[in-house]
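Enquirer: pasting a predicted model and its sequence here:
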Amino acid sequence: MIFLAAPGSALAYRPDIGNVNAIFGPQFHRTNFGGTDAGLTSSVMRGWGVVAQADLWTRGTLELGLVYMPKLFIREQNGLYFAEQTNLVHITAGYRYWFADRFSAALAFGSSYTTGEPETIYTDYPAGQRIDTSARDLVEYSFDLSLAYEVITEGRFGVVVDGRYSWSVTEKTEEAGDHYGILVGLRYLIQTKEEAKR
């Protein structure tokens, strides 16, 4: 998971060595699944995320993110579908590149950890029968892409809109395990380059 950084000017954020930002806000996401004729769809869900950012230079930022989120896993076998939902903690570590003061992109490696018992949301199988989904795995891995734009900048604060896509690299055969969504975050500049020197 991944977000943006912020400024000390009223115009836009300018990354600089030594700056440290924190971003917090809701994430709205859904599993990448087109749906079935029988009515199985992937609904929009809400999670909560926090991201820490440290500027390495004027165009690059190191980023660590954590999102607590519900997620739906859908698997198909022989034309039959089975869907399970679970809560998980999605952790990302990556690098963000700034194309402009307000616009940036990031690539991160993600790992997700299940925090509860999966719940069956949909099944085409007889009662009591189920197939294995990634909702029951202890950990899942992914690559996460983020495109972020800082909408508002005011002093140490900013509002960030961050679209992201998480590509699962450990999903099971014939399983929908990718998810995409938008994080709307409040960014706060914790420390500037000058403050770090002091």
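Expert: Sure thing, it's come through. Numbering: from 1, shown residues only.
Enquirer: low-confidence ranges in the protein?
Expert: 1-10, 198 (pLDDT under 70).
Enquirer: just the helices in it please.
Expert: 193-197 (DSSP state H).
Enquirer: contacting residues for Asn19?
Expert: Ala5, Gln53, Ala54, Asp55, Leu189, Gln191, Thr192, Lys193 (C-beta atoms under 8 Å, 6 or more residues apart in numbering). Where C-beta positions appear, they are placed from N, C-alpha and C, glycine not excepted.
Enquirer: how near is the closest residue to it other than its chain neighbours to Tyr68?
Expert: Nearest residue to Asn19 in three dimensions, chain neighbours excluded: Asp55, at 4.2 Å (C-beta to C-beta, 6 or more residues apart in numbering). Using C-beta to C-beta, to the nearest Å, Asp55 is found at 26 Å from Tyr68.
Enquirer: before we move on, what about Gly35?
Expert: In this view, Gly35 and Tyr68 are 26 Å apart by C-beta to C-beta.
Enquirer: higher neighbour count, those two?
Expert: Tyr68 (14 against 10; other C-beta atoms under 10 Å).
Enquirer: touching, that one and Ser112? I think so.
Expert: No: with contacts counted by C-beta atoms under 8 Å, Tyr68 stays clear of Ser112, the gap being 10.6 Å.
Enquirer: overlap in contacts of the two?
Expert: Common neighbours of Tyr68 and Ser112 (criterion: C-beta under 8 Å, 6+ apart): Leu88, Val89, His90.
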